[in-house]
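Novice: here's my sequence, what's the structure:
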Amino acid sequence: MSAHPERPVGIDELLERVREGLDRVTAEEAHDAARAGEALLVDIRYAKLRDKDGLIPGALVVERNELEWRLDPWGSHRAPEATSHDLRVVMICNEGYASSLAAASLRQLGLRRATDLVGGFQAWRAAGLPVAAAPPA
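Specialist: I've put the predicted structure just below:
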């Protein structure tokens, strides 16, 4: 054990540190990359927000608590879309905070191209990009 324990890091500082290592994308960049087949959009918002605000057509919906299991290409519970550690994934939360932390977690699993959407779903919608109504429960 170290004689000088590492000082606690607040969430704002942690978020800043995490984002330094991400090549974050705008809504338009994410849309273009997904349309070109160059990125997988992953919506980690919880069901209530998806029901309220809608879905991004073509995005894989994976709730945050299942993310690492579903996106690990070597995982026994992986989604069919999780094909490689080289896969470019763009994490999308509601406003672009939790998605940064999610992308950092995926990078720890070896998904070196994981990143997130600046401003999250709200920025996507504000940019006038496609949104579909959530299917009825």
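
Novice: neighbours of residue 80, how many?
Specialist: 7 (other CB atoms under 10 Å). C-beta: built from backbone N, CA, C; applies to glycine.

Novice: what residues are up against it?
Specialist: Under the criterion of CB atoms under 8 Å, 6 or more residues apart in numbering, residue 80 has no neighbours.

Novice: phi and psi next, for the residue nearest the centre of the chain.
Specialist: Centroid-nearest residue in the chain, with CA atoms, centre = their mean: residue 91, separated by 1.4 Å. The phi and psi values for residue 91, taken as degrees, to the nearest 10, are phi -80, psi 140.

Novice: and residue 55, by the same measure?
Specialist: Per degrees, to the nearest 10, the backbone of residue 55 is at phi -120, psi 160.

Novice: nearest spatial neighbour of it, skipping sequence neighbours?
Specialist: residue 132 (5.0 Å; CB to CB, 6 or more residues apart in numbering).

Novice: how near is the residue nearest to the centre of the chain to residue 111?
Specialist: 10 Å (CB to CB, to the nearest Å).

Novice: same thing with residue 70?
Specialist: For residue 70 relative to residue 111 (CB to CB), the value is 12 Å.

Novice: neighbour-wise, which of those two wins?
Specialist: The neighbour count for residue 70 versus residue 111, taken as other CB under 10 Å, is higher for residue 111 (22 against 18).

Novice: still on that earlier bit, let me see the contact set for the residue nearest to residue 55.
Specialist: Taking CB under 8 Å, 6+ apart as the test, what residue 132 contacts is 54, 55, 56, 57.
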